[in-house]
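Undergrad: how would this look folded up:
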Amino acid sequence: MGLSVALVLSACGVGSDDQPLRILVPNAIGGGYDTTARVAAGAMESEDLIERPEVFNVEGGSGAVGLAQLVDERGNPDLMMMMGLGVVGAVNSVEAAATLSEVTPVARLLTEPEVVMVAADSRHRDVRGLLQAWADAPGRFVVGGGSEQGGPDHLAAHQLGEAVGISPRRVGYRTYDGGGPLLAALFDGEVDFAVSGVLENLDQARAGSVRMLAVTGAERVPGVEAPTLREAGIDLEFANWRGLVAPPGLSDAERQRLVDLVTRMHDSDTWRDAERANGWTDAFLTGDEFGSFLAAEDTRVRDLLDRLGE
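TA: Below is the predicted model:
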């Protein structure tokens with residue numbers, strides 16, 4: 001986080017692109033989208049790609065309100081929105097005023113795994129033992145997460161249940177408003193284990209307050225003493241992701257300008273340093289390829305929510 005803040009505060013270059021740029025964050029200050037957007041804006045400015053890009057927050061509907069505002073700015077070539085799996089879940093679980101098919105895809109930037117964790121005093125010492133106990137008596141377990149229905153914690157918890165043979169309707173998922181309340185619930189015994197983002201819980205793990213039992217990505221996370229689910233014999237790989245989209249109605253040239261801008265930012269040393277500092281996995285994908293990925297994610301999440309009966 002220190003690097004994230006430093007990038008924003010120290011950026012002072014004169015942009016080579018004299019058009020304005022605003023990045024909409026569809027949730028509160030301090031969340032994952034907000035951090036990523038501010039790091040990206042800082043990298044663009046410090047690399048002299050754009051002059052003083054503005055990052056602003058529009059909260060509501062787990063991202064659906066921000067998406068609606070983006071779509072309402074049809075034809076605006078100076079606006080992008082940071083988004084990810086949580087927004088895909090939101091538009092498929094509420095009556096959203098806008099859909100993902102309306103946006104202009106720009107670029108997917110990164111992926112980030114989830115972590116399965118317990119309180120330090122939990123009797124569960126490894127993920128195989130925890131999941132076996134859960135599978136044997138799913139009704140006795142409460143799983144905590146920091147995202148609403150359709151968000152990454154919610155989806156990861158239910159897919160984890162499916163992977164060990166638990167019907168989605170028997171997964172006792174309880175949502176909390178962010179990482180702080182979720183950790184409090186874990187410490188107080190309100191939940192038996194939690195599924196959450198890795199990085200937002202690293203400090204607690206290093207302090208010995210929580211025990212990270214497994215990460216959900218394809219590879220281990222540097223600095224985290226936990227295997228992947230596949231290493232632990234669980235046939236599941238799950239990752240959150242983040243990327244940028246723009247309003248509908250852009251010309252080919254306007255869209256390409258944004259793709260080129262984000263590509264130059266992505267290829268910079270400043271961005272690569274930020275990826276390493278924040279533990280992000282590079283997953284760069286632009287234009288039509290990102291559009292195809294976004295459409296596939298929309299279908300995948302909708303089908304999963306239908307299967308969950310939610």
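
Undergrad: contacts for the helix or strand hosting residue 157, please.
TA: Element membership of residue 157 [criterion: DSSP states H and E] is helix 152-163. Contacts to helix 152-163, defined as C-beta atoms under 8 Å, 6 or more residues apart in numbering, come from residues 84-86, 89, 114, 116, 131, 134, 138, 143, 145-148, 167-168, 170-171, 173, 175, 195-197, 216, 229, 234-236, 238, 240, 301, 304, 308. For the C-beta atoms, the positions are set from N, CA and C on the backbone; glycine is no exception.

Undergrad: how about the contacts made by residue 138?
TA: 161, 166-167, 170-172.

Undergrad: so where do the helices sit in the protein?
TA: 2-10, 32-46, 64-72, 85-93, 127-136, 152-163, 179-188, 202-206, 252-266, 269-278, 287-308 (DSSP state H).

Undergrad: the fourth one to helix 64-72, inter-axis angle?
TA: Counting by axes from the mean of the first three to the mean of the last three C-alpha atoms, to 10 degrees, helix 85-93 lies at 90 degrees to helix 64-72.

Undergrad: grab the nearest non-local neighbour of residue 302.
TA: Take residue 302 and drop its neighbours on the chain: the residue closest to it by C-beta to C-beta, 6 or more residues apart in numbering is residue 92, 4.7 Å away.

Undergrad: ok, how many other residues are close to the closest residue to residue 40 other than its chain neighbours?
TA: Here the nearest residue to residue 40 in space, its sequence neighbours aside, is residue 265; by C-beta to C-beta, 6+ apart that works out to 6.2 Å. For residue 265, the number of neighbouring residues by other C-beta atoms under 10 Å comes to 25.

Undergrad: run a quick neighbour tally on residue 74.
TA: With other C-beta under 10 Å as criterion, residue 74 counts 12.

Undergrad: please apply the same query to the one 3 residues further on.
TA: Using other C-beta under 10 Å, residue 77 has 20 other residues around it.

Undergrad: so where's the stretch 1-150 of the chain uncertain?
TA: 1-17 (pLDDT under 70).

Undergrad: and with 50 instead?
TA: Scanning the stretch 1-150 of the chain for pLDDT under 50 picks out the ranges 1-15.

Undergrad: ok, the closest residue to residue 284 other than its chain neighbours - how many residues close by?
TA: Leaving out its chain neighbours, the residue that sits closest to residue 284 by C-beta to C-beta, 6+ apart is residue 266, at 5.4 Å. When neighbours are counted by other C-beta under 10 Å, residue 266 registers 18.
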